[in-house]
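Undergrad: Provide a 3D model corresponding to the input given below.
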Amino acid sequence: MRQSFEEHTDPSFGPKHVPLIRQAMAEQGLDGLLVPHEDEHQNEYLPAANDRLAWATGFTGSAGAAVIMKDRAAVFVDGRYTLQVREQVDQTLFEIRDLVEGGVPAYLETAAGAIIGYDPRLHSPDALAALSRAALKAGATLKPVNPNPLDTAWGDARPSQPKASVVPQAVANTGEDSNGKRSRLGEALKSMGADAAVITAPASIAWLFNVRGGDVIRTPLPLSQAILRADGTARLFLDPDKVTEDLPTWLGNQVSLEPPSALESALDSLKGSAVLIDPGQSSAWYFDRLSTAGAKILRGMDPCTLPRACKNEVEISGTRNAHRRDGAALSRFLHWLATEGQVSPPDEKEAVAKLEGFREATGCLQDLSFDTIGAANGHGALPHYHPSDRTNERARQGSLLLIDSGGQYLDGTTDVTRTVAIGEPSDEMRRRNTLVLKGHLALARLRFPAGTTGSAIDAFARAALWAAGLDYDHGTGHGVGVYLGVHEGPHRIAKAPNTIALQTGMIVSNEPGYYKSGEYGIRIENLEVVMPAEPIPGGERPMHRFEALTLAPIDRRLVVVEMLSPEERAQFDAYHARVLREIAPLVEPIVADWLAEACAPL
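TA: Okay, here's the model as predicted:
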């Protein structure tokens, strides 16, 4: 199996390091220290060298924070990690608190008179502003630190920064060369009165320069920074050890390759220039440096973010191919689960390993797109549960097994969830699965006017559950990249307001769910791409629709047919007919025969 997040971080992280951190804090006259999960690049997934939160607390989740005071400490996580954090963190040292409800700001309001350090390279200015307001309310002081006391405490034991080679991503997969992208974005900078943009998000750099790296587990990112000028030229700050022989030629004469040590002077050279920088993706350090240099700061969205989200025809075609390949691997797994797995139910880690083996067998898998969520029995009620040696359970007869997984391929990124009955499911399981299915189908068949945001259509996925007095507490859909991040903005489908309209070429998940605490969980997830809809007779506005990218059967044993309308039945059967048509030729005859049964009309 590929390395997991659990293996990616040192299991000795945590308790023994707190005294070392406090000693380093005292040497700088600090009463406390903020420890965010984010690193210098605001990454969701981190290289081991940047996983400060894990080193300090033992918690290895992909979202969280900690505050370490002289005499107390707290770690903050959201609802996805309530089980994991209690397994990994020493609760005699750390109070466990909610990251969303109150979070770190509420905790700071109890730190009256304290001097609390923060590393400006690790906090976005917007996040830092909220923390500063909370500290001010308590009469506490936030103090920028250099060096970070945690890094001082980590010392020589800290892993080296990753130096994975940065390689070209062929235009056959990107659909547009870097010169075209940079010229297009340069014109956009001119139109907003910007002379340059500072780009710090690794996904944006990978997309803009048509390169991929290996610095971050599960995502092919090169850790680096760039300055894009309005004339389309650029400076790319990249560790020389990552530069492959053919990279300079690939980048061309309009891109200068420079070491990271040149970044500070490059920012200083922007004195008097109007510089666009994203306060949501770039840390406060960049804003401080540009301000000190005398640049005119334009706060706005990273210019790569929206163009990256709107995939071109080549990217969409490649993603379709990746999903067919992935769908064949998933169908082999579902066949195994429907045959051997019913006779001898697997434990969670066995199921995860089996699915990964089928993906590996494609010969095209570059990495997983995230650690597989294999959740049996009551673990299914934890939406982002990951099995470990300590929590691993065997699926029981009469239970549900929820598998949320995905792969990274050169031509696309996948993310799919299927919920499978082990043995005979209860009537309640079947009815609630059908409510989730109705929401999934409602969103998948939706036609919506151009300019509609994801928050405007979220309720379609929840309406059937709401009618039964039920709901789920996560978003309905997140953006997905093309051989990039499995979580990608700026669009999403969720209750929370979002101002970014769903546009042609955007890929988004459709994943309503239901979770009964301690008993089972249900989620049905496909990735969809936004496409123009056919003109509607008498219609007055251009419309969009969703096209399913994910191709894998949905467990028919969990469907109460009588709860579906004729339209829903026809939609469900049409989807399964497409799965059979496109996936059956890619799998062995025994799997194809099973697929014909699994995809038979209701």
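Undergrad: which helix or strand lies directly C-terminal to the helix or strand hosting residue 456?
TA: Per DSSP states H and E, residue 456 falls inside helix 454-467. Later in the chain than helix 454-467, the nearest helix or strand by DSSP H and E is strand 477-479.
Undergrad: for that next one, packing partners?
TA: On a contact count with 3 or more C-beta pairs under 8 Å, 6 or more residues apart in numbering; DSSP states H and E, strand 477-479 meets strand 488-493, strand 507-510. Just so you know, the C-beta spots here come from the backbone N, C-alpha and C atoms, and that holds for glycine as well.
Undergrad: one more pass at 10 Å, please.
TA: When contacts are defined as 3 or more C-beta pairs under 10 Å, 6 or more residues apart in numbering; DSSP states H and E, strand 477-479 sits against helix 305-309, helix 454-467, strand 488-493, strand 507-510, strand 526-532.
Undergrad: buried residues in the lengthiest helix in the chain, which are they?
TA: Scanning the chain for the helix with the most residues, using DSSP state H, yields helix 313-338. Within helix 313-338, the residues that count as buried by 16 or more other C-beta atoms under 10 Å are 314-316, 318-320, 322-338.
Undergrad: ok, now stretch 182-201?
TA: Within stretch 182-201, the residues that count as buried by 16+ other C-beta under 10 Å are 182, 185-186, 188-189, 194-201.
Undergrad: report the central residue of the chain.
TA: Geometric centre of the chain, nearest residue: residue 487, 2.8 Å, by C-alpha atoms, centre = their mean.
Undergrad: tilt between the helix holding residue 456 and strand 488-493?
TA: 40 degrees (axes from the mean of the first three to the mean of the last three C-alpha atoms, to 10 degrees).
Undergrad: pull out the buried positions in helix 454-467.
TA: Under the neighbour-count criterion of 16+ other C-beta under 10 Å, helix 454-467 has 454-458, 460-462, 464-465 buried.
Undergrad: before we move on, back to that, how about the helices and strands packed on strand 477-479 in JSON lines, adding mean pLDDT?
TA: Shown next, in JSON lines, are the helices and strands packed on strand 477-479 (pLDDT from 0 to 100):
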{"stretch": "helix 305-309", "mean pLDDT": "98"}
{"stretch": "helix 454-467", "mean pLDDT": "98"}
{"stretch": "strand 488-493", "mean pLDDT": "97"}
{"stretch": "strand 507-510", "mean pLDDT": "98"}
{"stretch": "strand 526-532", "mean pLDDT": "98"}
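Undergrad: re earlier: what is the mean pLDDT for the longest helix of the chain?
TA: Averaged across helix 313-338, the pLDDT comes to 98.
Undergrad: next structured bit after it?
TA: Counting by DSSP H and E, the next helix or strand C-terminal to helix 313-338 is helix 340-343.
Undergrad: from the contact counts, what lies against the following helix or strand past that following helix?
TA: Following helix 340-343 in sequence order, the next helix or strand is helix 348-360 (DSSP H and E). With contacts taken as 3+ C-beta pairs under 10 Å, 6+ apart, helix 348-360 sits against helix 313-338, helix 340-343, strand 367-368, strand 373-376, strand 399-405, strand 407-409.
Undergrad: was I right about residue 491 contacting residue 309?
TA: Yes: assessed by C-beta atoms under 10 Å, residue 491 is found in contact with residue 309 at 6.1 Å.
Undergrad: now do the shared contacts for the two.
TA: The contact sets of residue 491 and residue 309 overlap at 479, 500, 502-503, 506-508, 530 (C-beta atoms under 10 Å, 6 or more residues apart in numbering).
Undergrad: sorry, back to before: run a quick neighbour tally on the closest residue to the residue nearest to the centre of the chain other than its chain neighbours.
TA: Nearest non-adjacent residue to residue 487, counting by C-beta to C-beta, 6 or more residues apart in numbering: residue 478, 5.2 Å away. Neighbour count of residue 478, defined by other C-beta atoms under 10 Å: 22.
Undergrad: and the pLDDT at residue 478?
TA: pLDDT recorded at residue 478 is 98.
Undergrad: how about low-confidence regions in this protein?
TA: Residue ranges of the chain with pLDDT under 70: 1-14.
Undergrad: try it again with 50
TA: For the chain, the stretches with pLDDT under 50 are 1, 5-11.
Undergrad: thinking again about what came up before, turn the helices and strands packed on strand 477-479 into TSV, columns for distance to residue 294.
TA: Converted to TSV, those look like this (distance: least, C-beta to C-beta, whole Å):
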stretch	distance to residue 294
helix 305-309	27
helix 454-467	39
strand 488-493	30
strand 507-510	41
strand 526-532	42
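Undergrad: ranges for the strands of the stretch 501-602 of the chain?
TA: Per DSSP state E, counting those that start in this stretch, the stretch 501-602 of the chain carries strands over the ranges 507-510, 513-516, 520-523, 526-532, 543-548.
Undergrad: need the ones you listed in a markdown table with distance to residue 156, can you?
TA: Formatted as a markdown table, those follow (distance: least, C-beta to C-beta, whole Å):
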| stretch | distance to residue 156 |
| --- | --- |
| strand 507-510 | 42 |
| strand 513-516 | 44 |
| strand 520-523 | 43 |
| strand 526-532 | 43 |
| strand 543-548 | 51 |
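Undergrad: let me have the ones you listed in TSV, adding mean neighbour count as columns.
TA: Output for the strands of the stretch 501-602 of the chain, formatted as TSV (neighbours: other C-beta atoms under 10 Å):
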stretch	mean neighbour count
strand 507-510	25
strand 513-516	23
strand 520-523	26
strand 526-532	21
strand 543-548	17
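Undergrad: go through these and name the closest to residue 421.
TA: Relative to residue 421, the nearest member of these by C-beta to C-beta is strand 520-523, separated by 9.9 Å.
Undergrad: now do that closest one: which elements does it pack against?
TA: Judged by 3+ C-beta pairs under 10 Å, 6+ apart, the packing partners of strand 520-523 are strand 373-376, strand 399-405, strand 416-422, helix 427-444, strand 513-516.
Undergrad: mind listing what's buried in the fourth one?
TA: Of all the residues in helix 427-444, those buried under the rule 16+ other C-beta under 10 Å are 429-430, 432-444.
Undergrad: and for residue 34, nearest residue in space, chain neighbours not counted?
TA: That would be residue 118: by C-beta to C-beta, 6+ apart, it lies 4.4 Å from residue 34.
Undergrad: coming back round to it: give me the subset of the buried residues of stretch 182-201 lying in helices.
TA: Residues of the buried residues of stretch 182-201 located in helices (DSSP H): 182, 185-186, 188-189.
Undergrad: of those residues, which is the nearest to residue 242?
TA: Set against residue 242, the nearest of these by C-beta to C-beta is residue 182 (20.2 Å).
Undergrad: and the residue lying closest to the closest one once chain neighbours are set aside, how many neighbours?
TA: Counting by C-beta to C-beta, 6+ apart, residue 182 lies nearest to residue 232, which is 4.3 Å off, once chain neighbours are set aside. Neighbour count of residue 232, defined by other C-beta under 10 Å: 19.
Undergrad: quick check: phi and psi on residue 232?
TA: Dihedral angles of residue 232 (phi, psi; degrees, to the nearest 10) stand at phi 90, psi -10.
Undergrad: wait, what's in contact with it?
TA: By C-beta under 10 Å, 6+ apart, the contact list for residue 232 reads 178-187, 189, 254-255.
Undergrad: run the last query once more with 7 Å
TA: Neighbour list for residue 232: 182-183, 186, 254 [criterion: C-beta atoms under 7 Å, 6 or more residues apart in numbering].
Undergrad: try residue 109
TA: Applying C-beta under 7 Å, 6+ apart, one finds that residue 109 lies in contact with 134, 137-138.
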